[in-house]
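Trainee: got a predicted structure here, sequence first:
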Amino acid sequence: MIAGVGAAVPAGILTNADLEKTLDTSDAWIVERTGIRQRHIAAPTETLTSYSLVAAQQAMARAGVTAKDLDGIIFATVTPDRRLPSAACDLQAALGADRAWAFDVVAACPGWLFGISVAEGLMRAALGDTILVVGAEKLSSITDYTDRGTAILFGDGAGAAVLKRATDDGRAILSTYMGADGNLASLLHIPGGGSAEPLTEALVHEKRHLIQMAGREVFKAAVLAMSRSTDAAIDRAGITADDIDIMIPHQANLRIIEATAKHAEISMNKVMVNVDRYGNTSSASIPLAIAQAEAEGRLKPGMMTMLVSFGAGFTWASVVVRW
Ligand code: UT7
(Lines give C-alpha, C1' and ligand atoms only; values in the text may rest on other atoms or scores of the structure.)
Protein backbone atom coordinates (compact mmCIF):
# COMPACT_ATOMS: atom_id res chain seq x y z
CA MET A 1 0.00 0.00 0.00
CA ILE A 2 1.00 3.62 -0.44
CA ALA A 3 1.36 4.68 3.20
CA GLY A 4 2.33 8.33 2.70
CA VAL A 5 3.09 10.81 -0.08
CA GLY A 6 5.13 14.03 0.03
CA ALA A 7 6.02 16.72 -2.48
CA ALA A 8 8.28 19.73 -2.80
CA VAL A 9 9.14 22.28 -5.48
CA PRO A 10 11.84 24.95 -5.67
CA ALA A 11 10.54 28.42 -4.76
CA GLY A 12 11.46 30.12 -8.06
CA ILE A 13 8.60 30.59 -10.53
CA LEU A 14 8.75 31.12 -14.31
CA THR A 15 5.46 32.49 -15.63
CA ASN A 16 4.13 32.63 -19.19
CA ALA A 17 4.61 36.40 -19.01
CA ASP A 18 8.32 35.81 -18.23
CA LEU A 19 8.62 33.55 -21.31
CA GLU A 20 6.88 36.15 -23.49
CA LYS A 21 9.87 38.42 -22.84
CA THR A 22 12.45 36.03 -24.30
CA LEU A 23 10.53 33.86 -26.78
CA ASP A 24 8.18 34.35 -29.74
CA THR A 25 5.21 33.04 -27.76
CA SER A 26 2.23 34.30 -25.79
CA ASP A 27 0.40 33.49 -22.58
CA ALA A 28 -2.78 32.92 -24.64
CA TRP A 29 -1.07 30.36 -26.93
CA ILE A 30 0.55 28.46 -24.05
CA VAL A 31 -2.66 28.30 -21.99
CA GLU A 32 -4.79 27.26 -24.97
CA ARG A 33 -2.39 24.58 -26.31
CA THR A 34 -1.09 23.20 -22.97
CA GLY A 35 -3.05 24.52 -19.96
CA ILE A 36 0.25 25.66 -18.37
CA ARG A 37 0.44 29.06 -16.62
CA GLN A 38 3.69 28.77 -14.63
CA ARG A 39 6.41 26.32 -13.61
CA HIS A 40 8.76 26.13 -10.62
CA ILE A 41 12.45 26.41 -11.55
CA ALA A 42 15.38 25.57 -9.27
CA ALA A 43 18.05 28.19 -8.61
CA PRO A 44 21.46 27.15 -9.98
CA THR A 45 22.66 26.28 -6.46
CA GLU A 46 19.56 24.23 -5.59
CA THR A 47 20.25 20.52 -6.10
CA LEU A 48 17.82 17.76 -6.98
CA THR A 49 18.77 16.08 -3.70
CA SER A 50 17.87 19.20 -1.69
CA TYR A 51 14.20 19.34 -2.65
CA SER A 52 13.86 15.54 -3.01
CA LEU A 53 14.92 15.33 0.64
CA VAL A 54 12.02 17.60 1.65
CA ALA A 55 9.52 15.49 -0.34
CA ALA A 56 10.94 12.24 1.08
CA GLN A 57 10.84 13.47 4.68
CA GLN A 58 7.24 14.62 4.23
CA ALA A 59 6.22 11.21 2.80
CA MET A 60 8.00 9.41 5.66
CA ALA A 61 6.34 11.60 8.32
CA ARG A 62 2.92 10.91 6.78
CA ALA A 63 3.64 7.16 6.65
CA GLY A 64 4.91 7.18 10.24
CA VAL A 65 8.35 5.79 9.40
CA THR A 66 11.90 7.01 10.03
CA ALA A 67 14.99 6.73 7.83
CA LYS A 68 16.11 3.69 9.85
CA ASP A 69 12.90 1.86 8.88
CA LEU A 70 13.62 2.06 5.14
CA ASP A 71 14.63 -1.21 3.48
CA GLY A 72 15.16 0.41 0.09
CA ILE A 73 15.08 3.59 -1.99
CA ILE A 74 14.07 3.67 -5.65
CA PHE A 75 14.66 7.04 -7.32
CA ALA A 76 13.06 7.78 -10.70
CA THR A 77 14.81 10.62 -12.52
CA VAL A 78 16.47 11.66 -15.77
CA THR A 79 18.25 14.58 -14.10
CA PRO A 80 20.42 13.22 -11.25
CA ASP A 81 22.77 15.74 -9.61
CA ARG A 82 25.70 13.94 -11.26
CA ARG A 83 26.34 11.04 -13.63
CA LEU A 84 27.73 8.76 -10.93
CA PRO A 85 26.68 7.49 -8.41
CA SER A 86 22.87 7.37 -8.45
CA ALA A 87 20.48 10.03 -7.16
CA ALA A 88 19.16 7.28 -4.86
CA CYS A 89 22.56 6.94 -3.16
CA ASP A 90 22.83 10.71 -2.69
CA LEU A 91 19.36 10.74 -1.09
CA GLN A 92 20.15 7.69 1.05
CA ALA A 93 23.14 9.55 2.49
CA ALA A 94 21.15 12.78 2.99
CA LEU A 95 18.40 10.86 4.82
CA GLY A 96 20.79 8.72 6.87
CA ALA A 97 18.87 5.65 5.69
CA ASP A 98 21.80 3.37 6.35
CA ARG A 99 19.86 0.06 6.20
CA ALA A 100 18.43 0.82 2.74
CA TRP A 101 19.61 -0.41 -0.64
CA ALA A 102 19.31 2.34 -3.27
CA PHE A 103 19.14 2.59 -7.05
CA ASP A 104 17.74 4.79 -9.84
CA VAL A 105 15.07 4.05 -12.42
CA VAL A 106 15.41 5.80 -15.79
CA ALA A 107 12.01 5.66 -17.47
CA ALA A 108 11.32 9.39 -18.01
CA CYS A 109 7.82 10.66 -17.15
CA PRO A 110 6.32 7.31 -16.03
CA GLY A 111 9.49 6.61 -14.00
CA TRP A 112 7.73 7.02 -10.66
CA LEU A 113 5.04 4.52 -11.70
CA PHE A 114 7.79 2.15 -12.89
CA GLY A 115 9.38 2.60 -9.45
CA ILE A 116 6.08 1.84 -7.68
CA SER A 117 5.69 -1.32 -9.83
CA VAL A 118 9.25 -2.47 -9.08
CA ALA A 119 8.83 -1.78 -5.34
CA GLU A 120 5.57 -3.75 -5.29
CA GLY A 121 7.31 -6.69 -6.98
CA LEU A 122 10.27 -6.57 -4.59
CA MET A 123 7.88 -6.63 -1.64
CA ARG A 124 6.13 -9.68 -3.06
CA ALA A 125 9.57 -11.31 -3.37
CA ALA A 126 10.18 -10.51 0.34
CA LEU A 127 13.04 -8.13 -0.50
CA GLY A 128 11.67 -5.25 1.58
CA ASP A 129 8.74 -4.22 3.77
CA THR A 130 9.19 -0.45 3.66
CA ILE A 131 10.38 1.14 0.41
CA LEU A 132 10.72 4.83 -0.49
CA VAL A 133 9.91 5.62 -4.13
CA VAL A 134 10.94 9.10 -5.30
CA GLY A 135 10.14 10.84 -8.59
CA ALA A 136 12.07 14.09 -8.97
CA GLU A 137 13.51 16.24 -11.73
CA LYS A 138 15.51 19.36 -12.40
CA LEU A 139 14.34 19.59 -16.02
CA SER A 140 15.48 23.21 -16.19
CA SER A 141 19.04 21.81 -16.39
CA ILE A 142 18.29 20.02 -19.70
CA THR A 143 15.83 22.49 -21.27
CA ASP A 144 16.74 24.71 -24.23
CA TYR A 145 15.27 28.08 -23.26
CA THR A 146 15.62 29.34 -26.84
CA ASP A 147 13.28 26.58 -28.17
CA ARG A 148 9.66 27.69 -27.77
CA GLY A 149 8.43 24.14 -28.50
CA THR A 150 9.92 22.81 -25.24
CA ALA A 151 10.88 25.79 -23.03
CA ILE A 152 7.23 26.49 -22.24
CA LEU A 153 6.54 22.95 -21.02
CA PHE A 154 8.97 21.84 -18.36
CA GLY A 155 9.31 22.52 -14.63
CA ASP A 156 11.26 21.26 -11.61
CA GLY A 157 9.88 19.36 -8.63
CA ALA A 158 9.96 16.28 -6.43
CA GLY A 159 7.47 13.75 -5.11
CA ALA A 160 7.88 10.70 -2.93
CA ALA A 161 5.87 7.83 -1.49
CA VAL A 162 6.52 5.26 1.20
CA LEU A 163 5.25 1.80 0.25
CA LYS A 164 4.42 -0.71 2.95
CA ARG A 165 2.82 -4.14 2.90
CA ALA A 166 -0.95 -4.08 2.29
CA THR A 167 -3.08 -4.02 5.43
CA ASP A 168 -6.42 -5.72 6.23
CA ASP A 169 -8.44 -2.57 5.52
CA GLY A 170 -8.25 -3.19 1.75
CA ARG A 171 -5.81 -0.34 0.99
CA ALA A 172 -3.51 -1.83 -1.67
CA ILE A 173 -1.98 -1.57 -5.12
CA LEU A 174 -4.48 -3.54 -7.22
CA SER A 175 -2.73 -3.56 -10.61
CA THR A 176 0.38 -2.34 -12.38
CA TYR A 177 1.14 -2.15 -16.08
CA MET A 178 4.31 -1.01 -17.90
CA GLY A 179 5.27 -0.74 -21.58
CA ALA A 180 7.96 0.68 -23.85
CA ASP A 181 8.78 1.28 -27.53
CA GLY A 182 12.41 2.21 -28.10
CA ASN A 183 11.88 2.49 -31.88
CA LEU A 184 10.43 5.96 -31.38
CA ALA A 185 13.21 7.23 -29.09
CA SER A 186 14.37 10.04 -31.37
CA LEU A 187 11.00 11.85 -31.19
CA LEU A 188 11.84 12.91 -27.61
CA HIS A 189 15.45 12.62 -26.55
CA ILE A 190 18.77 14.21 -25.58
CA PRO A 191 21.06 13.19 -28.43
CA GLY A 192 24.46 13.92 -26.86
CA GLY A 193 26.30 13.72 -23.57
CA GLY A 194 26.05 9.95 -23.17
CA SER A 195 28.86 7.47 -23.78
CA ALA A 196 28.16 7.37 -27.54
CA GLU A 197 28.66 11.14 -27.82
CA PRO A 198 30.54 12.31 -24.73
CA LEU A 199 30.34 15.98 -23.76
CA THR A 200 32.55 18.30 -25.80
CA GLU A 201 32.53 22.05 -26.27
CA ALA A 202 31.18 21.59 -29.80
CA LEU A 203 28.37 19.33 -28.59
CA VAL A 204 27.32 21.90 -25.97
CA HIS A 205 27.55 24.67 -28.58
CA GLU A 206 25.12 22.68 -30.77
CA LYS A 207 22.87 22.12 -27.71
CA ARG A 208 22.95 18.36 -28.18
CA HIS A 209 22.98 17.99 -24.36
CA LEU A 210 19.44 19.44 -24.15
CA ILE A 211 15.96 17.97 -24.78
CA GLN A 212 14.77 17.77 -28.39
CA MET A 213 11.13 16.93 -29.09
CA ALA A 214 8.84 16.49 -32.09
CA GLY A 215 5.84 17.87 -30.18
CA ARG A 216 2.97 16.92 -32.48
CA GLU A 217 4.14 13.30 -32.93
CA VAL A 218 4.74 12.92 -29.20
CA PHE A 219 1.28 14.35 -28.51
CA LYS A 220 -0.40 11.70 -30.69
CA ALA A 221 1.66 8.87 -29.21
CA ALA A 222 0.88 10.13 -25.69
CA VAL A 223 -2.89 10.07 -26.21
CA LEU A 224 -2.73 6.56 -27.68
CA ALA A 225 -0.44 5.10 -24.99
CA MET A 226 -2.22 6.81 -22.07
CA SER A 227 -5.58 5.51 -23.39
CA ARG A 228 -4.29 1.95 -23.81
CA SER A 229 -2.67 2.09 -20.39
CA THR A 230 -5.92 3.07 -18.66
CA ASP A 231 -7.67 0.13 -20.41
CA ALA A 232 -4.92 -2.25 -19.27
CA ALA A 233 -4.95 -1.04 -15.66
CA ILE A 234 -8.73 -1.32 -15.42
CA ASP A 235 -8.63 -4.83 -16.96
CA ARG A 236 -5.86 -6.05 -14.68
CA ALA A 237 -7.55 -4.68 -11.55
CA GLY A 238 -10.79 -6.47 -12.52
CA ILE A 239 -12.82 -3.26 -12.26
CA THR A 240 -14.76 -0.98 -14.64
CA ALA A 241 -14.25 2.71 -15.42
CA ASP A 242 -17.30 3.46 -13.27
CA ASP A 243 -15.44 2.11 -10.24
CA ILE A 244 -12.72 4.78 -10.56
CA ASP A 245 -13.21 7.53 -7.96
CA ILE A 246 -10.29 9.68 -9.13
CA MET A 247 -7.83 9.64 -12.02
CA ILE A 248 -4.43 11.26 -11.43
CA PRO A 249 -2.63 11.36 -14.80
CA HIS A 250 0.82 12.59 -15.81
CA GLN A 251 0.63 16.37 -16.19
CA ALA A 252 2.15 17.10 -19.61
CA ASN A 253 -0.64 18.89 -21.43
CA LEU A 254 -4.27 19.52 -20.47
CA ARG A 255 -5.42 18.38 -23.93
CA ILE A 256 -3.68 14.99 -23.51
CA ILE A 257 -5.33 14.59 -20.10
CA GLU A 258 -8.77 15.45 -21.50
CA ALA A 259 -8.38 13.03 -24.43
CA THR A 260 -7.30 10.21 -22.07
CA ALA A 261 -10.24 10.83 -19.73
CA LYS A 262 -12.64 10.91 -22.68
CA HIS A 263 -11.30 7.59 -23.99
CA ALA A 264 -11.66 5.97 -20.56
CA GLU A 265 -15.14 7.52 -20.15
CA ILE A 266 -14.07 9.12 -16.89
CA SER A 267 -15.66 12.51 -16.28
CA MET A 268 -13.21 15.45 -15.98
CA ASN A 269 -14.57 16.27 -12.52
CA LYS A 270 -12.95 13.00 -11.35
CA VAL A 271 -9.59 13.97 -12.91
CA MET A 272 -6.83 15.76 -10.99
CA VAL A 273 -5.24 18.59 -13.00
CA ASN A 274 -2.43 20.85 -11.77
CA VAL A 275 -0.40 21.28 -14.98
CA ASP A 276 -1.32 24.99 -14.77
CA ARG A 277 0.86 25.40 -11.62
CA TYR A 278 3.83 23.14 -12.31
CA GLY A 279 4.04 22.44 -16.06
CA ASN A 280 5.49 19.06 -17.01
CA THR A 281 7.75 17.84 -14.18
CA SER A 282 8.25 14.37 -15.71
CA SER A 283 8.61 11.70 -13.00
CA ALA A 284 7.55 14.15 -10.25
CA SER A 285 4.23 15.05 -11.85
CA ILE A 286 1.98 12.29 -10.47
CA PRO A 287 3.20 12.43 -6.84
CA LEU A 288 2.95 16.26 -6.98
CA ALA A 289 -0.66 15.92 -8.14
CA ILE A 290 -1.39 13.25 -5.50
CA ALA A 291 -0.03 15.48 -2.72
CA GLN A 292 -2.21 18.37 -3.90
CA ALA A 293 -5.30 16.14 -4.26
CA GLU A 294 -4.82 14.91 -0.67
CA ALA A 295 -4.27 18.45 0.62
CA GLU A 296 -7.47 19.61 -1.09
CA GLY A 297 -9.46 16.65 0.33
CA ARG A 298 -10.10 15.23 -3.15
CA LEU A 299 -8.16 12.02 -2.50
CA LYS A 300 -9.14 10.04 0.61
CA PRO A 301 -8.36 6.57 1.99
CA GLY A 302 -10.37 3.83 0.29
CA MET A 303 -10.82 5.68 -3.02
CA MET A 304 -10.27 3.70 -6.24
CA THR A 305 -7.44 5.65 -7.85
CA MET A 306 -6.08 5.42 -11.40
CA LEU A 307 -2.53 6.65 -12.08
CA VAL A 308 -1.35 6.79 -15.71
CA SER A 309 1.67 8.23 -17.49
CA PHE A 310 3.63 8.41 -20.75
CA GLY A 311 7.06 9.73 -21.71
CA ALA A 312 10.39 9.55 -23.51
CA GLY A 313 11.46 6.10 -24.63
CA PHE A 314 8.64 5.87 -25.39
CA THR A 315 7.53 4.47 -22.05
CA TRP A 316 4.10 4.23 -20.47
CA ALA A 317 2.62 2.84 -17.27
CA SER A 318 -0.54 2.70 -15.20
CA VAL A 319 -1.32 1.71 -11.63
CA VAL A 320 -4.65 1.20 -9.87
CA VAL A 321 -4.60 1.76 -6.12
CA ARG A 322 -7.27 1.39 -3.46
CA TRP A 323 -6.03 4.47 -1.64
O1 UT7 B 1 5.89 14.25 -20.87
C2 UT7 B 1 5.47 13.52 -21.97
C3 UT7 B 1 6.06 14.01 -23.22
N4 UT7 B 1 5.69 15.29 -23.68
C5 UT7 B 1 4.45 15.61 -24.10
O6 UT7 B 1 3.50 14.90 -23.87
C7 UT7 B 1 4.27 16.85 -24.93
C8 UT7 B 1 3.44 16.52 -26.14
N9 UT7 B 1 3.26 17.63 -27.08
C10 UT7 B 1 2.57 18.75 -26.78
O11 UT7 B 1 2.16 18.97 -25.67
C12 UT7 B 1 2.29 19.70 -27.91
O13 UT7 B 1 2.62 19.08 -29.14
C14 UT7 B 1 3.02 21.06 -27.82
C15 UT7 B 1 2.43 21.88 -26.69
C16 UT7 B 1 4.50 20.85 -27.60
C17 UT7 B 1 2.82 21.84 -29.11
O18 UT7 B 1 1.43 22.04 -29.36
P19 UT7 B 1 0.81 21.68 -30.79
O20 UT7 B 1 -0.59 22.07 -30.71
O21 UT7 B 1 1.12 20.23 -31.06
O22 UT7 B 1 1.60 22.62 -31.73
P23 UT7 B 1 2.49 22.27 -32.99
O24 UT7 B 1 3.81 21.74 -32.56
O25 UT7 B 1 1.69 21.45 -33.95
O26 UT7 B 1 2.70 23.71 -33.60
C27 UT7 B 1 1.61 24.49 -34.11
C28 UT7 B 1 2.13 25.88 -34.41
C29 UT7 B 1 3.43 25.88 -35.19
O30 UT7 B 1 3.41 26.97 -36.07
P31 UT7 B 1 3.06 26.79 -37.63
O32 UT7 B 1 4.08 25.80 -38.14
O33 UT7 B 1 1.67 26.23 -37.66
O34 UT7 B 1 3.19 28.18 -38.16
C35 UT7 B 1 4.47 26.10 -34.14
O36 UT7 B 1 5.65 26.69 -34.66
O37 UT7 B 1 2.42 26.55 -33.17
C38 UT7 B 1 3.77 27.02 -33.19
N39 UT7 B 1 4.30 26.98 -31.84
C40 UT7 B 1 4.17 27.99 -30.97
N41 UT7 B 1 3.58 29.20 -31.08
C42 UT7 B 1 3.62 30.01 -30.00
C43 UT7 B 1 4.98 25.97 -31.23
N44 UT7 B 1 5.30 26.32 -29.98
C45 UT7 B 1 4.82 27.57 -29.79
C46 UT7 B 1 4.84 28.47 -28.71
N47 UT7 B 1 4.22 29.67 -28.87
N48 UT7 B 1 5.42 28.18 -27.54
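Mentor: Arrived safely, thanks for sending.

Trainee: just the pLDDT for Asp169.
Mentor: Model confidence at Asp169, given as pLDDT, is 83.

Trainee: need the contact list for it.
Mentor: Pro301, Gly302 (Cβ atoms under 8 Å, 6 or more residues apart in numbering). C-beta: built from backbone N, CA, C; applies to glycine.

Trainee: contact partners for the residue of the stretch 201-323 of the chain found nearest the ligand?
Mentor: Across the stretch 201-323 of the chain, no residue is closer to the ligand than Gly215, which sits at 3.0 Å (Cβ to the nearest ligand atom). By Cβ under 8 Å, 6+ apart, the residues touching Gly215 are Gly149, Thr150.

Trainee: can we see that at 10 Å?
Mentor: Taking Cβ atoms under 10 Å, 6 or more residues apart in numbering, we find Gly215 in contact with Arg33, Thr34, Gly149, Thr150, Leu153, Leu187, Leu188, Asn253.

Trainee: do you know how far the closest residue to Arg277 other than its chain neighbours is from Val9?
Mentor: Of all residues not flanking Arg277 in the chain, Gln38 sits nearest, at 6.4 Å (Cβ to Cβ, 6 or more residues apart in numbering). From Gln38 across to Val9, the span is 11 Å (Cβ to Cβ, to the nearest Å).

Trainee: any residues in contact with both of these two?
Mentor: What both Gln38 and Val9 touch, as defined by Cβ under 10 Å, 6+ apart, is the set Gly155, Arg277, Tyr278.

Trainee: filter these down to the ones in helices?
Mentor: Within those, residues falling in helices by DSSP state H are Arg277, Tyr278.

Trainee: which residues belonging to the helix or strand in which Val223 is found are considered buried?
Mentor: Here Val223 sits within helix 215-237, counting by DSSP states H and E. Neighbour counts over helix 215-237 (16 or more other Cβ atoms under 10 Å) mark 218-219, 221-230, 232-234, 237 as buried.

Trainee: now stretch 176-184
Mentor: Thr176, Tyr177, Met178, Gly179, Ala180, Leu184.

Trainee: ok, which of those also contact the ligand?
Mentor: The subset of these within reach of the ligand, by Cβ under 6 Å from any ligand atom, is empty.

Trainee: contacts only, for the residue in the stretch 51-200 of the chain that the ligand sits nearest to.
Mentor: Per Cβ to the nearest ligand atom, Arg148 is where the stretch 51-200 of the chain lies closest to the ligand, at 3.7 Å. Counting by Cβ under 10 Å, 6+ apart, Arg148 touches Leu19, Thr22, Leu23, Asp24, Thr25, Trp29, Ile30.

Trainee: what about 7 Å?
Mentor: With contacts defined as Cβ atoms under 7 Å, 6 or more residues apart in numbering, the neighbours of Arg148 are Leu23, Asp24, Thr25.

Trainee: where does the nearest residue to Leu113 once chain neighbours are set aside land in three-state SS?
Mentor: Nearest non-adjacent residue to Leu113, counting by Cβ to Cβ, 6+ apart: Ala317, 3.9 Å away. Three-state assignment for Ala317 (DSSP: H, G, I helix; E, B strand; the rest coil): strand.

Trainee: about what we covered before: show me which of the shared contacts of Gln38 and Val9 is closest to Glu46.
Mentor: Glu46 lies nearest to Gly155 out of the shared contacts of Gln38 and Val9, by Cβ to Cβ, at 13.2 Å.

Trainee: for burial, what's the neighbour tally of Glu201?
Mentor: Glu201 has 7 neighbours, counted by other Cβ atoms under 10 Å.

Trainee: meant to ask about Arg33, not that
Mentor: The tally of other residues near Arg33 (other Cβ under 10 Å) stands at 15.

Trainee: try Ala3
Mentor: 18.
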